[in-house]
Structure formats: C-alpha cells, structure tokens
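Undergrad: predicted structure and sequence below. I'll ask about it afterward.
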Amino acid sequence: MTSETVIIGGGVIGLAIAIELKLRGTRVTVLCRDFQAAATHAAAGMLAPDAENIPNGAMRSLCWRSRALYPDWTRKLEELTGLNTGYRPCGILAPVFEEAGGDRGVREENSPSSPSSPAYWLNKEAIHQYQPGLGVEVVGGWWYPEDAQVDNKALAQVLWTAAESVGVELKDGITVEAFLQQQGQVVGVQTNAGIIRAAHYVLASGAWSNELLPLPVLPRKGQMLSVRIPEFVPELPLKRVLFGQDIYVVPRRDRLVIGATSEDVGFISDNTPEGIQTLLQAAIRLYPQLKHYPIQEFWWGFRPATPDELPILGTSYCQNLTLATGHYRNGILLAPVTAAFIADLILQQKSDPLLADFHYSRFQSQPSTSTPMLTHSANFSNGHQPAISSHHSPLPTPHSPLIIAGKTFQSRLMTGTGKYRSIEEMQQSIAASDCQIVTVAVRRVQTKAPGHEGLAEALDWTKIWMLPNTAGCQTAEEAIRVARLGREMAKLLGQEDNNFVKLEVIPDLKYLLPDPIGTLQAAEQLVKEGFAVLPYINADPMLAKRLEDVGCATVMPLASPIGSGQGLKTTANIQIIIENAGVPVVVDAGIGSPSQAAQAMELGADALLINSAIALSPNPAAMARAMNLATVAGRLAYLAGRMPIKDYASPSSPLTGTITS
C-alpha cells in the first residue's frame, strides 16, 4: 500500500499529528503496535508547565504555547466526536512541607519570548482554608491558576475516534521493524504486515523510537494507581490537582489518580510493592484521608525520556522523515503544539524558530571530537574541517549539549575577540576553536578601539552567537547602560532574539577584580529587563548562589586574575560553586594552557571562556585548536570518572596465570 504520510506511533502525539495533517488535506495512515500500551494511557493528564517549574526557557515557552492551544483544540475534538475529553482549566495547587525561601505574594515567571504566567504564594492558613484536608506538615504552597488538566484516557479515545471520523487510516497491531532507506530518503517501512510506503514519514513511537533509529530516547517506567471516592463521602473532597514533591493527586469524577514513579529499568513491566508503597506514603502525607479510600486500580507505562528530558522535534537526516518523540512527562501537554509545528514543517516547509531548540542534532558531538550519531555531511557541516579524521564508533560516554537560557550549544568552549594582533588571526582562531559563542566588548566596538575596527563585519553572525560584554564598566549603572547597547548591537547584526549579556563590573584597574556588589545590583536590574545575564565574578560561592537566585543564566567564576595565565588558583571555591549551582558554571579568566583548561573541565565546569591564552600565543589558531581539544577531553574525563588514588602500587596485569619457571 502507499499513503501520502505514514505516522509510526498511535499515542497522543501520533494521533494529534495525524488529525492535524488530515484536516489540512493530507492522506494519512497511522501505524500503531498496541494502542493500549501508549504512554498516553499511563499519564495523569496534568497540563502543568508552571507547577513543574520547568527550568529550560525554550521548553517552558513550548509548554506555555501548547497549554494556550488546549481550550480550542479540545473543543474541536469534542465537536468532531461528540465525546468529552475531560479538559478542565482548574489550576494546580503545589503544597510545600517547609518554608520556601524567596518572595511571597505574586510571583511572575517570565520568559523573554513568552507571556508571563503568574503564581501566587498561599501561607499556611490560606492554603488549608483553600483546600481542606491537607496534611498537617503542609506550611504553605503555590497556586498556579493557569495550569489545567485533561482526562488522559478519555483524550486517547477521543483522538482515536476523531482520527477515524476525519478519515485517517488507523492500523493497530502493526509493528514497524525497520526503515528502508536509499540515498538519504526513506522509501518504506518494514512491518509485521509487509512493506508500507509513503511520500513522507513521521516517527512518533515514543519510548520505542530507539528501536528504529539510534536516537537517545529510552523508556522511563512510571507506576500509578487510583483510589475510589467512597460512598460515604457526599461530594468530591478534592477540588483541584495537588502537585507535591515527587507525587501528584489528580481528582476525577469518582476517583483520585495518584502518580507517578520514574524508574530507569528499561521495558520491565508490572507494578511493584516498592513503587506503589512509595506513592501511597507520599500521597497520604500530602492528603491524609486517602488512607481510608479503597484502591481501585494499578497500572504502569513507559515515558520516552531523552538525556536532557526535552523532546526531539523537527527534521531528520532523511529529507522525508520528521521526528516527534521524546516528550517524556509532557506528551499530553505538548500534543496540540507538536501537531501544529509538525504539520507546518511537512506541508508548508515552515519551521517555527522554537523548533531549533529541540532538534536531534543537539545530542551530537562536534565532528572534530567524536563520531556523531546519524551524521550526514549535507546537514551537519559547520564550515571547518576537523584536524583529526576519526571513524571509530561513538564513545559510550553520556553526552548532553550546553543549554544557556533555553538556547542549545554543542561546543563548551567560548572565546573572545580582544588582544589579537590582527583581524585575520582572530578569524582563524575562532574557526579553529569550533566555538559557537564569541564575546565582544560593546564599548570597544562602538568606539572602534584599536583592534576592534571592522570587528562586527569580520565574523559570520549567522553561525556564531554573539555574547556582548560590558568590559570597561566600573559601576552597575554603566554596565546596565552598555548591556542595553549590546542588545541593540546584536539586533543590528541580525540576532533579533539575542538577549545575552556577559556582565562585567570592574572598578579595580590594577588587578581587574570584579565588584561583587555592583555585579549583583546590575544583574538584578538586567534580569528584570529580560536579559540572559552571564555574570563574571570572583570565585565566591555565596555570590554565585545569590546571582542564580535573582535569575542569572550562568555564573562565571574566575580561575585567576584576567589575562594572568596563572591557571586554577581558586579550585576549592569553584568546586563548591559547581556542587551548588543549578545553572551552568563557566570558568572565565586566568586559563593559560590546554592542561589548565582540561583541569577546569575535569572539575565539572559546564564551559570555559578563554581569550588571552589564545590571542597572545605565537600561533593563536593552533592554540585555539588545542583549547578545543582540551575542553572536550576534560569534559569526557569528568563524565567518565577518574580512577581512585591509592597510596600503594597496583599492577596493571593480573598475577594469576603467569608462566612459572
């Protein structure tokens, strides 16, 4: 058989895409191995981007956009089928068991590219009045009024029925065994029912995607249960979703749904006593009267998880294969926006800018450092020839991209543009470094300082992300003003959405040590103005935490005084910062040699910013290449883990089985 588009996967994502494509006039076939086994059936149906406190900015924006689509999307499905999806814009309550630090009243969680989504703090008295029956240990909580829920099982049935009603061809019990590929195209899929062909293919098979393509999508088992509302309870006692620590309780008409564990056990099925006990203990602590309710049902499912817990969306290495998988715990929430984005991509060849943050290539190493998965030269050339050709298999070391303020980078080395002897040396060095972020002194570019004439035109800003910096600013006020100029400079060079700034406040002209008070003051203001702030600081763990708390995108502790080349003089403090940080830690200033760069990465730093050591080398381009390799080596060493240090010798070869004389 031949179809215009074949979708592999009959869960909420596959069905949502199928309906969207069919309503736009496309002939669609859905291949489903087992409709009842889809992750859709194992979810609780929470639409909770705010309650989940999603840290990744791009993911938060994607979830907000999808939640905003839900009212119209579910209404359309209900009109097509006459069935109820159980969509309820009920808000979500997130109780806490200890006083949460920080603000009270209204908390605005803003993304530069998304509307605000408010949250309200309820103290102990208010939360117990708002939702009676909470555990005595609950001392307050957050109310997220824009979060919602949908009945996941009802939604799955509605989607299947809607797909049938609009004419999607649904084939349940079909297992796709392999993609048939020729010259960068999928020419068919091999199934247990024979070969099925189409003009275009969509992989939406969730936790099973890894069985068809080498994508980093693995099953994450979730156990759940429900309890029945007993007859002696006159009305539903729980009016709204409770989102606790590692537990949630979702009220339905006649039952409460409790979930969910998150277990990295592969496709091992069934509920376990330990898993159910863990859920019940946490749920009873949150809402004690549950212990009197009869247990109704147990079940489990497999969520599709990626290493960064973000979905894989968009084009693939085959021109006619689109990816829509890895949604982990947000598949139901993201169904409407995924369907719209994928349909736009397939039918209109139009890619929403947000899709770039979820492309599968974020899991690939640079070609110069290791062999990437699914490499295709036409798609992944970065313009630089690797110095070393390698044809070995991918290293079995876990790898994840560097994510700063929702933007994804493959390289963990950042470089600068200062101190070079010529523009040509600077261009060659940046190319040799394979870096993706280059910091630029706003004042020096604007004043055309020596060495900075023509700098803005010297680099291809479609391939390099500009990091404007406030170098030369001695006060918070100066730095804020220059940061605003830097944002405008980035816009003039075509980076309309660039809100990054490297914040430097340095009144000390001899040692060039940053001012901690001025840096914190400037950071607070710039975060309020929507900047992604990357502050340059002394290796002060307390300051680093304060900057993270006010919303900085990274912290950038110095290894030693800037431009000194002394290497790591603040190792102990940097280790503390790394241990406590919830944002990327970028070691900035003082690195003088590749060995020092590798050492910083071995500590667990997320990235390095190196300028002087490259620019002042007799051969800057060669040094830039060396720094790139050192950064990669240090990162791999950190991920691999070093051997233990011993006080005595230990032979490399075993003593058994030796030849005796």
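TA: Arrived safely.

Undergrad: need the contact list for Val337.
TA: Residues in contact with Val337 (C-beta atoms under 8 Å, 6 or more residues apart in numbering) are 62, 65-66, 69. Just so you know, the C-beta spots here come from the backbone N, C-alpha and C atoms, and that holds for glycine as well.

Undergrad: which of those residues has the largest number of neighbours?
TA: Leu62 (29 neighbours; other C-beta atoms under 10 Å).

Undergrad: circling back to that earlier point, Pro214: which of the contacts of Val337 is nearest?
TA: Closest approach to Pro214 among the contacts of Val337 (C-beta to C-beta): Leu62, at 24.4 Å.

Undergrad: tell me the contacts of the closest one?
TA: So Leu62 contacts 334, 337, 354, 358 (C-beta under 8 Å, 6+ apart).

Undergrad: closest to Ala458 out of the contacts of Val337?
TA: Leu62 (34.8 Å).

Undergrad: checking that closest one next. Helix, strand or coil?
TA: Following DSSP: H, G, I helix; E, B strand; the rest coil, Leu62 is assigned to helix.

Undergrad: that one and Leu355, how far apart?
TA: To Leu355, Leu62 is 9 Å away according to C-beta to C-beta, to the nearest Å.

Undergrad: got the residue ranges for the helices in the stretch 551-661 of the chain?
TA: Remark: helices assigned in the stretch 551-661 of the chain by DSSP state H, counting those that start in this stretch are 571-580, 594-602, 612-615, 620-640.

Undergrad: coming back round to it: quick check, nearest of the contacts of Leu62 to Leu534?
TA: Ranked by distance to Leu534 (C-beta to C-beta), those are led by Leu354 at 21.7 Å.

Undergrad: thinking again about what came up before, adding distance to Gln281, secondary structure and pLDDT, write the contacts of Val337 out as CSV.
TA: Output for the contacts of Val337, formatted as CSV (distance: C-beta to C-beta, whole Å; DSSP: H, G, I helix; E, B strand; the rest coil; pLDDT from 0 to 100):
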residue, distance to Gln281, secondary structure, pLDDT
Leu62, 33, helix, 96
Arg65, 36, helix, 95
Ser66, 32, helix, 96
Leu69, 36, helix, 97
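
Undergrad: show me the two of the residues you listed that sit farthest apart.
TA: That would be Leu62 and Leu69, which, of the contacts of Val337, are the farthest apart (C-beta to C-beta) at 11.1 Å.

Undergrad: related to what we said a few turns ago, can you tell me which of the helices of the stretch 551-661 of the chain is nearest to Ser209?
TA: helix 620-640 (23.6 Å).

Undergrad: okay, buried residues for the closest one please.
TA: For helix 620-640, burial by neighbour count (16 or more other C-beta atoms under 10 Å) applies to 620-621, 623-636, 638.

Undergrad: which SSE is immediately downstream of the helix-or-strand element of the chain with minimal mean pLDDT?
TA: Ranked by mean pLDDT, DSSP states H and E, the weakest helix or strand in the chain is helix 377-380, scoring a mean of 31. Following helix 377-380 in sequence order, the next helix or strand is strand 402-404 (DSSP states H and E).

Undergrad: quickly run through the sheet partners of the next helix or strand along the chain from that next one, with directions.
TA: Downstream of strand 402-404, the next assigned helix or strand under DSSP H and E is strand 407-409. Using DSSP bridges, the strands paired with strand 407-409 in its sheet are strand 402-404 (antiparallel).

Undergrad: pLDDT of the strand it pairs with, averaged?
TA: Mean pLDDT, strand 402-404: 88.

Undergrad: contacting residues around it?
TA: Under C-beta under 8 Å, 6+ apart, the answer for strand 402-404 is 56, 308, 408-412, 500, 532, 534, 553-554, 584, 606-607.

Undergrad: and what of stretch 615-632?
TA: So stretch 615-632 is contacted by 365-366, 368-370, 387, 411-413, 415-416, 418-421, 425-426, 428-435, 591, 594-595, 597-598, 601, 607-608, 610, 613-614 (C-beta under 8 Å, 6+ apart).

Undergrad: now the buried members of those residues.
TA: In the contacts of stretch 615-632, the ones that pass as buried (16+ other C-beta under 10 Å) are 365-366, 368-370, 411-413, 415-416, 418-420, 425-426, 428-435, 591, 594, 597-598, 601, 607-608, 610, 613-614.

Undergrad: quick one: which of the residues you listed sit in strands?
TA: Using DSSP state E, the subset of the buried ones among the contacts of stretch 615-632 located in strands is 413, 415-416, 607-608, 610.

Undergrad: report the lowest-confidence entry in those residues.
TA: Of all of those, Gly416 carries the lowest confidence score, 90.

Undergrad: how about that one, what does it touch?
TA: Taking C-beta under 8 Å, 6+ apart as the test, what Gly416 contacts is 438-440, 609-611, 615.

Undergrad: so which of these is the most crowded?
TA: Neighbour max across the contacts of Gly416 (other C-beta under 10 Å) = Ile610, 30 neighbours.

Undergrad: next one: it from Gly563, what distance?
TA: In terms of C-beta to C-beta, Ile610 sits 11 Å off from Gly563.

Undergrad: where do the strands of the stretch 51-200 of the chain begin and end?
TA: Applying DSSP state E, counting those that start in this stretch to the stretch 51-200 of the chain gives strands spanning 92-96, 106-111, 114-123, 140-144, 148-149, 169-172, 176-182, 185-191, 194-203.
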